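**Student:** here you go, sequence then predicted model.
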Amino acid sequence: MEEKLIGYFGVDAGLVMICDPCYIYSHDDGGKLSENFPKTWQEFCQKFLYKNEEILDYCQMDFDSGHPGLGVLSSTGHGDGTYPVYATIDRGTVLELRIVFDEPYKDEDDDYYENYEDDESEGC
C-alpha cells in the first residue's frame, strides 16, 4: 500500500462536500439539478448547514426520503483555500481518501506543488 498525493481542490465557501455526482444532476432527466439538491445557495445552507438555528461544522446529508447516503458536508476549519488530497492505494485500487485542511497554503510559484506527480495523474 502507498499513500500518494493525487491532486488539489479549491474551496470558496469554506466547505467540502463528498457525494456521488449523479445525486446532484439527474441522469434520468437530461442532466437537470436533482430534486435531492436545493435550487439556491440559501436553500442549500438551510437544508444542510443549520440545525436548530445553529451552524453545523459537519453533517450527514440525507436523501429527501430521510435515509442517509446523499453525502457528507464539512467545514474546512480554515475557510477558503487550496487543499491537498491524498489517496491510499493498494494494487491500483483507491482504498481511502484524505484531505488535509491544516497544511499552510503557499503560492504556486514556490514548492507547495512539488510533490504533485502530474505526469502520473489520471486527470479528469
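**Tutor:** Happy to help now that I have it. Numbers count the residues shown, from 1 in each chain.

**Student:** nearest residue to residue 35 other than its sequence neighbours?
**Tutor:** Nearest non-adjacent residue to residue 35, counting by C-beta to C-beta, 6 or more residues apart in numbering: residue 64, 6.6 Å away. Using the backbone N, CA and C atoms, a C-beta is placed for each residue, glycine as well.

**Student:** quick one: secondary structure of that neighbour?
**Tutor:** Following DSSP: H, G, I helix; E, B strand; the rest coil, the label given to residue 64 is coil.

**Student:** list the pairing partners of the helix or strand of the chain with the lowest mean pLDDT within its sheet, with orientation.
**Tutor:** Taking mean pLDDT, DSSP states H and E as the measure, the chain has strand 50-51 as its least confident helix or strand, at a mean of 79. Here strand 50-51 has these sheet partners by DSSP bridges: strand 54-55 (antiparallel).

**Student:** in the protein, where is pLDDT below threshold?
**Tutor:** 26-31, 104-124 (pLDDT under 70).

**Student:** how close does the residue nearest to residue 35 sit to residue 102?
**Tutor:** 35 Å (C-beta to C-beta, to the nearest Å).

**Student:** quick one: the strands in this protein, in order.
**Tutor:** In the chain, the strands defined using DSSP state E lie at 2-11, 15-19, 50-51, 54-55, 58-62, 68-75, 81-90, 93-99.

**Student:** would CSV of those strands with distance to residue 44 be doable?
**Tutor:** Formatted as CSV, the strands of the chain follow (distance: least, C-beta to C-beta, whole Å):
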stretch, distance to residue 44
strand 2-11, 15
strand 15-19, 10
strand 50-51, 10
strand 54-55, 13
strand 58-62, 10
strand 68-75, 9
strand 81-90, 20
strand 93-99, 20
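
**Student:** run a quick neighbour tally on residue 89.
**Tutor:** 15 (other C-beta atoms under 10 Å).

**Student:** can you check the one 4 residues further on too?
**Tutor:** If you count neighbours by other C-beta under 10 Å, residue 93 ends up with 9.

**Student:** ok, residue 72 next?
**Tutor:** 14.
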